[in-house]
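build me a model from this:
(chains A and B)
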Amino acid sequence: MGFVQEFLQQLVNGFSLGFIYALIALGYTMVYGIAKLINFAHGDILMVGAYGGFFVLIALLVTPGSFILSFVIAMLICALLGMFIERTCYKPLRSAPRINALITAIGVSFFLENVARVIKPIGPNPKEFPVFPQKFNLLELDFLGVHINQTQIIIFLVSVFLMFTLNYIVNNTKMGKAMRAVSFDRGAAYLMGINVNRVISFTFAIGSALAAAAGILFASAYPQVEPLMGFMPGIKAFVAAVLGGIGSIPGAMVGGLILGIAETLSKGFISSKLADAIVFGILIIILVVKPSGIFGQNVSEKV
Amino acid sequence: MKNNRFLALLIILVLAVSLIPVQGAGGTIKLGAIQPISGQVSAYGTQTRDAIMMAVQEINAKGGILGKKIEMVVEDDEASPDKTMNALKKLVAKDKVVGFVGALTSKCSLAITKYAQAKKVIMISPSSTNDTVTDAGNFIFRACYKDSFQGQVVAQFSYETLKAKKAAILYDITNDYSKGLATNFTEKFKALGGTIVATESYSTNDKDFNAQLTKIKAANPEVLLIPDYYNTVSLIAKQVRAQGLKIPMVGADGWDEITNNAGDEVLNCYYSNHYSPEANDPEVKNFVKKFSAKYKITPNALAALGYDATYILAEAIQKAGSTNPEKVRAAMAKTNRKFVTGNIKFDANRNPVKSAVMLKIVKGKDGKLSTQFAGTVNP
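Purely as a prediction, here's the structure:
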């Protein structure tokens, strides 16, 4: 394998990891954009989604049909869960100082992790996530010596589809318009007759559904589910969202991809020991040069 | 008034404190076990616990030790060092145990050896193979061989039996067990005349190994060493095969249980272990028979080690004739008899000198994975 092939192969690996980060980061950034809240429970919603998919696939065995169904069910469950969490935990704190909601989010995160650990069907032990058996391995590409496996292709397809759908919802629907308005100025949007509560609920639903999809993709790429599986991807995706400019949707996509590619390339070509240090180093540099993130808007403090 | 309340509080406190020793002084001898009953290596922890409890029940059925029954206090450390420390502190302060069986993983054992030594609590780790585990002092024992031996066994097997001349290593840099094996494998493999074409690492709980594996694939190795525990190994193995790497993979005792936790990707793989349940040996046969009758499952190597460790500890107390830690320690150092995992006789550093077996992962006619005895290597 020559250097060029190896580089391209690492790029493919980086993209597939980056797309997953991007999907998770989208949830972070949307919730922040609308509700001005860093939802630290987001990674754990990903875990719930992965388990949702896990149970569907265990019950129905892995076929293309059940795989699609697992996405639908997991996204539905997580959308409801996201709305429920928002209604019960965050809404009562909407007028409280922002730090209260942040601490509550961390509490919700621990709550979800530990509930998952104690309830019977999930439990504390890692379980093997069902993946496509060999006979369905139709989607493999070998291109100029670069090997793209089926899971990676599924990740590309699903992520791109979801990103386009999200883009359509935000830019071309009435609800999307309302979301943009609330994000721009919640008070003014309220005065214009926009149902702010509904918009926030809807945002949580979409963000959580994306986390669920990312959860299933993550679990198919790294086939293991466990209650704490959402922690690391959650943190990395948060970094991706900040990197891209928190609150900005294209920022989250680009941030996620940059993070995934930077992580893979530093593991592949510099040092696997230093990979995380390099990735977070990039974050620091970008934040020093442009504190609002790549796509973030500079908002001057009102005095 | 204020003074009275203070006095009352003081009396309650004194009463509460005076109650504690009374609780501990029943007709039993308290021993502890610290095992990862949940978490990443729970398949080890639960079986080890079951084997320990089986040993305790057997000993108690025969009248216990020093005429008293053993009371085993089991703690879960989730394979996380800080929880191991908390568990040990609880065993020392609240339960006042004479000794304990644990911890299971090297990382957890290393976190507590100094404390156990300082508190003069006898520690026997059933399965922590990292070389430095027993370095903390004369109260620390183990029932298994060391990684320097295990790493050499795997290197020798790869070079001589698998005829591999170029090896690659992918190990967990944050795990003492994994690091130790990688180092010892490297030394031996090079000494035999082979070359290590790639050494890559990751951190505990990493899920994505594609970058490292792409790099390893580019180096064209003939064998890949993955010195980690079964859950991580099965994740790595899937990614190895997804990358189109078909070379044999080798590992060590951390792979035990992999056949119940992985699929076809671990075929063409070999690992070293402490015992083989198929071995034709009266101790092994007897243990396997009792364990499978009781728990409806074939005991893994960790279970066998936990069983042995419990017996070593109980017999030492019996031989010492008291629960005085110094006496028990001295009696334990003199252990020399055949156990399930082979003859155990401690060297000057309280490490047993014993042999290792190599196992091959095969697929049976029923489509299930199992292991096949592939040879014994003596120290």
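
contacts, neighbours, all on C-alpha from now
Noted.

which regions of chain A lie under the pLDDT threshold?
Along chain A, the parts satisfying pLDDT under 70 run over A:1, A:133-139, A:298-303.

quick one: the helices in it, in order.
Assigned by DSSP state H, the helices in chain A fall at A:3-35, A:42-60, A:64-85, A:98-118, A:150-172, A:174-184, A:186-191, A:196-221, A:231-244, A:249-265, A:275-289.

how about the residues of the stretch 51-200 of chain A by chain B?
Within the stretch 51-200 of chain A, the positions adjacent to chain B are A:124-126, A:128, A:147, A:149 by C-alpha under 8 Å from any C-alpha of the partner chain.

widest-spaced pair of those residues?
Farthest apart among these by C-alpha to C-alpha are A:Pro124 and A:His147. That separation is 35.0 Å.

B:Pro227 is nearest to which of the helices of chain A?
Each of those has some distance to B:Pro227 by C-alpha to C-alpha; the shortest is helix A:275-289, at 20.5 Å.

can you name every helix or strand that the closest one contacts?
When contacts are defined as 3 or more C-alpha pairs under 8 Å, 6 or more residues apart in numbering or on different chains; DSSP states H and E, helix A:275-289 packs onto helix A:231-244, helix A:249-265.

could I get those as TSV with distance to chain B?
Output for those, formatted as TSV (distance: least, C-alpha to the nearest C-alpha, whole Å):
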stretch	distance to chain B
helix A:231-244	8
helix A:249-265	5
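
let me have these in JSON lines, extended by mean neighbour count.
Compiled in JSON lines, these are given as follows (neighbours: other C-alpha atoms under 10 Å in any protein chain shown):
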{"stretch": "helix A:231-244", "mean neighbour count": "26"}
{"stretch": "helix A:249-265", "mean neighbour count": "26"}
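
export those to a markdown table and tack on distance to A:Leu69?
As requested, the helices and strands packed on helix A:275-289 are arranged in a markdown table below (distance: least, C-alpha to C-alpha, whole Å):
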| stretch | distance to A:Leu69 |
| --- | --- |
| helix A:231-244 | 24 |
| helix A:249-265 | 25 |
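
for A:Ile278, which of the ones you listed is the nearest?
helix A:249-265 (7.7 Å).

on that earlier part again, more neighbours: which of A:Pro124 and A:His147?
Neighbours per residue, other C-alpha atoms under 10 Å in any protein chain shown: of A:Pro124 and A:His147, the larger number sits with A:Pro124, 23 against 20.

which one of the residues in the stretch 1-150 of chain B is closest to chain A?
B:Gly39 (5.0 Å; C-alpha to the nearest C-alpha).

same question, the stretch 151-300 of chain B
Evaluated by C-alpha to the nearest C-alpha, the stretch 151-300 of chain B has B:Ala211 as its residue closest to chain A, separated by 5.0 Å.

quick check: which element contains that residue?
helix B:210-218 (DSSP states H and E).

which residues are in contact with B:Glu283?
B:Glu283 sits next to B:339-340 when contact means C-alpha atoms under 8 Å, 6 or more residues apart in numbering or on different chains.

tell me the contacts of the residue of the stretch 151-300 of chain B closest to chain A?
A:10, A:13-14, A:264-265, A:267-268.

beta partners of B:Lys68?
As for beta bridges, B:Lys68 partners with B:Ile65 under DSSP bridges.

what about the residue nearest to A:Leu8 when sequence neighbours are not counted, neighbour count?
Once flanking residues are discounted, A:Leu8 sits nearest to A:Val146: 6.7 Å by C-alpha to C-alpha, 6 or more residues apart in numbering or on different chains. For A:Val146, the neighbour count with other C-alpha under 10 Å is 19.

between the helices and strands packed on helix A:275-289, which one is closest to B:Ala331.
Nearest of the helices and strands packed on helix A:275-289 (C-alpha to C-alpha): helix A:231-244, 47.0 Å.

shaky segments in the stretch 1-150 of chain B?
The stretch 1-150 of chain B contains residues with pLDDT under 70 at B:1-26.

first-to-last residue distance for stretch B:240-259?
This stretch, stretch B:240-259, spans 17 Å end to end (C-alpha to C-alpha, to the nearest Å).

what distance separates it from the centre of its chain?
Taking C-alpha atoms, centre = their mean, to the nearest Å, one finds the center of stretch B:240-259 at 20 Å from the center of the full chain.

that one: which residues count as buried?
Neighbour-count burial for stretch B:240-259 flags B:240, B:242-243, B:245, B:247-259 (criterion: 16 or more other C-alpha atoms under 10 Å in any protein chain shown).

which non-adjacent residue is nearest B:Lys165?
B:Gly194 is the one closest to B:Lys165 (C-alpha to C-alpha, 6+ apart), at 4.7 Å.

now for that neighbour: which residues touch it?
Contact analysis of B:Gly194 by C-alpha under 8 Å, 6+ apart lists B:159, B:164-167.

tell me, what's the model's pLDDT at B:Asp206?
Looking at B:Asp206, its pLDDT stands at 85.

tell me the secondary structure for it?
coil (DSSP: H, G, I helix; E, B strand; the rest coil).

just give me the neighbour total for it.
15.

next one: A:Ile285
Residues near A:Ile285, counting by other C-alpha under 10 Å, number 12.

what about it, distance to chain B?
Look at A:Ile285 and chain B: by C-alpha to the nearest C-alpha, to the nearest Å, they are 23 Å apart.

now do A:Val118
Per C-alpha to the nearest C-alpha, A:Val118 is found 11 Å from chain B.
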